[in-house]
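Participant: Requesting a structural model of the entry that follows:
(one chain, ligands or ions: 1)
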Amino acid sequence: MSTALFDLTGRTALITGSSRGLGRAMAEGLGRAGAKLVINGTSPAKVDEAVTEMRAVGLDAQALAFNVTDEAAVKAAFADLDQRGVAIDILVNNAGIQFRKPMVDLDTADWQRVIDTNLTSAFVIGREAARRMIPRGYGKVINIASLTSVLARATVAPYTVAKGGIKMLTQAMAAEWGEHGLQANAIGPGYMITDMNQALIDNPAFDAWVKGRTPQRRWGKPEELIGAAIFLSSEASNYVNGQTIYVDGGMISVL
Ligand code: GCO
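Facilitator: Residues are numbered from 1 along each chain as shown. Down below sits the predicted model:
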């Protein structure tokens, strides 16, 4: 049956930044496809709340709260998983922040914070996961890129640079880990309806620009990332490596 290709039963997925937003939507989608879920966020209380809500609808979810920019905390989290015998088959590096300011006004500390959260964390967490996936000869790494991985917009330089780096980090992961049975790919969301974008959605001029610039003439919904996430998490993508799949309503494909 072709649907078996997309069945995640028996697999465990760690999704960073999954107590809300895009990460939450992808986590719930992977859970409905059969995966056991390890839910992450910086706030233990918010992670626990999300896990409770997911369990209430029948998903197999457990909490793993840590700050993705804190390398010691990342290592401790993976050591905890090791201790509990939890093997991560699927890693979704989703955690990210946005900070909008023209570069001439941008403090280096704010630049670094975005790079650390959106790019370096994916390397650190990817490395910890791969150190455990490689001996098992199996692993799916999915990094969350952006249409800003390939197109720049004024006032979001650190985000754009980080997401451009995510695209190339994904390709570097494929280069080094493909021979060990791992597939590393990325999903590039377009303009999605999220808390991070609410200020843009509420701005009539920006809202009109997104709708005019996007062939599908609308913002994307978080749940519209689930299909790509399941595909890249499943056997269906066993010979897909280093790719970025854009879920953007066609925006990057047109002028
Ligand atoms: C912005 C937005 C974008 C989107 C998304 C596009 O300020 O332009 O936040 O960065 O969030 O990342 O892929």
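Participant: from the stretch 1-150 of the chain, which residue is nearest to the ligand?
Facilitator: residue 146 (3.5 Å; Cβ to the nearest ligand atom). Using the backbone N, CA and C atoms, a C-beta is placed for each residue, glycine as well.
Participant: show me what contacts that residue?
Facilitator: 159, 160, 163, 166, 188, 189 (Cβ atoms under 8 Å, 6 or more residues apart in numbering).
Participant: mind redoing it with 7 Å?
Facilitator: 163, 188, 189 (Cβ atoms under 7 Å, 6 or more residues apart in numbering).
Participant: For it, grab phi and psi.
Facilitator: Main-chain torsions, residue 146, degrees, to the nearest 10: phi -180, psi 160.
Participant: pLDDT value on it, please?
Facilitator: Looking at residue 146, its pLDDT stands at 98.
Participant: Ok, the one 4 residues further on next?
Facilitator: As predicted, residue 150 sits at a pLDDT of 98.
Participant: Excluding chain neighbours, what is closest to it?
Facilitator: residue 252 (6.0 Å; Cβ to Cβ, 6 or more residues apart in numbering).
Participant: Quick one: neighbours of the one you found, just the number.
Facilitator: 17 (other Cβ atoms under 10 Å).
Participant: do the same with residue 169
Facilitator: The burial count for residue 169: 22, using other Cβ under 10 Å.
Participant: From residue 86, how far out is it?
Facilitator: Using Cβ to Cβ, to the nearest Å, residue 169 is found at 24 Å from residue 86.
Participant: again, but for residue 221
Facilitator: On the measure of Cβ to Cβ, residue 221 and residue 86 end up 31 Å apart.
Participant: Check residue 212 too.
Facilitator: The value you get for residue 212 to residue 86, if Cβ to Cβ is used, is 46 Å.
Participant: Which one's more surrounded, these two?
Facilitator: Counted by other Cβ under 10 Å, residue 212 and residue 86 do not tie: residue 86 has more neighbours, with 15 against 8.
Participant: Report the contact partners of that one.
Facilitator: 12, 38.
Participant: Now the phi/psi pair for it, please.
Facilitator: Dihedral angles (degrees, to the nearest 10) for residue 86: phi -100, psi 110.
Participant: Return the distance of stretch 116-133 from the chain's centre.
Facilitator: With Cα atoms, centre = their mean, to the nearest Å as the basis, stretch 116-133 stands 12 Å off its chain's centre.
Participant: What lies in contact with that stretch?
Facilitator: 16, 68-69, 71, 74-75, 78, 87-88, 91, 93, 95-97, 139, 141, 143, 159, 162-163, 165-166, 169, 173, 177, 182.
Participant: So it, near the ligand or not?
Facilitator: No. Stretch 116-133 lies out of reach of the ligand by Cβ under 6 Å from any ligand atom, never closer than 9.6 Å.
Participant: Flag every residue of this structure that's near the ligand.
Facilitator: Near the ligand, when you scan the chain using Cβ under 6 Å from any ligand atom, you find 98, 100, 146-148, 153, 156, 159, 189-191, 196-197, 200.
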